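Novice: Pasting a predicted model and its sequence here:
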Amino acid sequence: MEELEKLRDEILTCKRCHLAADCMGPVPFEGRASEIMVIGRNPGDTEDEYGRLFIGRAGKRLDKALWWMGLKRWDVYITNLIKCFTERNRPPELGEIFSCSQWLKMEIAILQPKLILVFRNDAWKYVSGNSEGVTKFAGQLVSTRDDLISAGMVYKKVQFKMIGFPHPSAALRTVKWDRLLNEAALKTARIISEMQSVGYMEMRNDPA
Ligand code: SF4
């Protein structure tokens, strides 16, 4: 999609906030223009070094979770709430989210996703507008309103549904998060299948 390619170039050269000065540079989205969008919080140190999203062990764990949903990585569009690495992988501050979420809003406006899979508690809170975390909502389908406003995020007239998940790296650390991620992935497989059967979503799942 030409608009997305143009946006990628703009993101790659972004210096809108101070985070760009303390990392290798913004890490843009990956994958295809899909009806399913995956959102994480921000690149970790390995992602920063290689300029790729969800690589290393966490990336493999994401692939496994997607597989449980009946998806492959290249079936989906993958991005982050924040495009730059934060020192010591600290949570982004509100000002940083305000600056960088402008990119995410543009991505959503262009892509018009039907379903957004949000990985990580704080990313979930910002994107969904829910003050309660992903533990409560993992694997549950949540709908947006016409105008969802949360922590500076505004999705004007873009309707989508979303599901929250613990982050793959958390699942690698503790059994509790691992189990929660698997359960949520299985529930999501059923949700996607239902969405496809009622014609809400026409997923392409052929190789890119
Ligand atoms: S974090 Fe986002 S807004 Fe800030 S410099 Fe990186 S890409 Fe630009």
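Specialist: Looks like it came in fine.
Novice: only C-alpha atoms for contact and neighbour calcs from this point on.
Specialist: Noted.
Novice: How are the strands of this protein distributed by residue range?
Specialist: Using DSSP state E, the strands of the chain run over 30-31, 36-40, 77-80, 115-119, 142-143, 147-150, 153-156, 161-165.
Novice: so what strands line up beside the first one?
Specialist: Put plainly, it is strand 30-31. Strand 30-31 sits in its sheet next to strand 77-80 (antiparallel), going by DSSP bridges.
Novice: From the rest of the structure, what touches the partner strand?
Specialist: Contacts with strand 77-80, where a contact means C-alpha atoms under 8 Å, 6 or more residues apart in numbering, come from 28-34, 36-43, 53, 104.
Novice: Which among those residues count as buried?
Specialist: Applying 16 or more other C-alpha atoms under 10 Å to these, the neighbour count classes 28-34, 36-43, 53, 104 as buried.
Novice: give the contact list for T188.
Specialist: T188 is in contact with M69, G139, Q140, I163, counting by C-alpha under 8 Å, 6+ apart.
Novice: Also Y200?
Specialist: Shown in contact with Y200 (C-alpha under 8 Å, 6+ apart): K114.
Novice: and the gap between it and the ligand?
Specialist: 32 Å (C-alpha to the nearest ligand atom, to the nearest Å).
Novice: try Q159
Specialist: Q159 is 24 Å from the ligand, by C-alpha to the nearest ligand atom.
Novice: Can you give me the distance of the residue lying closest to A123 once chain neighbours are set aside to the ligand?
Specialist: Once flanking residues are discounted, A123 sits nearest to R41: 5.1 Å by C-alpha to C-alpha, 6 or more residues apart in numbering. Remark: distance between R41 and the ligand (C-alpha to the nearest ligand atom) = 11 Å.
Novice: so R41 makes contact with K125?
Specialist: No: using C-alpha atoms under 8 Å as the test, R41 is too far from K125 to be in contact (10.5 Å).
Novice: show me the contacts for G133.
Specialist: Residues in contact with G133 (C-alpha under 8 Å, 6+ apart) are N121, D122, W124, K125.
Novice: do W68 as well
Specialist: By C-alpha under 8 Å, 6+ apart, the neighbours of W68 are N182, A185, L186, A189.
Novice: quick one: pLDDT of the residue nearest the centre of the chain?
Specialist: Nearest to the mean C-alpha position of the chain, counting by C-alpha atoms, centre = their mean, stands I39 at 0.4 Å. At I39, the model reports a pLDDT of 95.
Novice: wouldn't it be in contact with I82 here?
Specialist: No: at 9.6 Å, I39 and I82 do not qualify as touching, with contact defined as C-alpha under 8 Å.
Novice: Where helices are concerned, which of the contacts of G133 count?
Specialist: Counting by DSSP state H, the contacts of G133 place N121, D122, W124, K125 in helices.
Novice: What segments of this structure are helices?
Specialist: Using DSSP H, the helices of the chain run over residues 2-12, 45-50, 56-68, 94-111, 121-128, 134-137, 168-173, 175-197.
Novice: Mean pLDDT for those - can I get that in JSON lines?
Specialist: Below are those laid out as JSON lines (pLDDT from 0 to 100):
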{"stretch": "helix 2-12", "mean pLDDT": "94"}
{"stretch": "helix 45-50", "mean pLDDT": "93"}
{"stretch": "helix 56-68", "mean pLDDT": "94"}
{"stretch": "helix 94-111", "mean pLDDT": "91"}
{"stretch": "helix 121-128", "mean pLDDT": "84"}
{"stretch": "helix 134-137", "mean pLDDT": "83"}
{"stretch": "helix 168-173", "mean pLDDT": "92"}
{"stretch": "helix 175-197", "mean pLDDT": "95"}
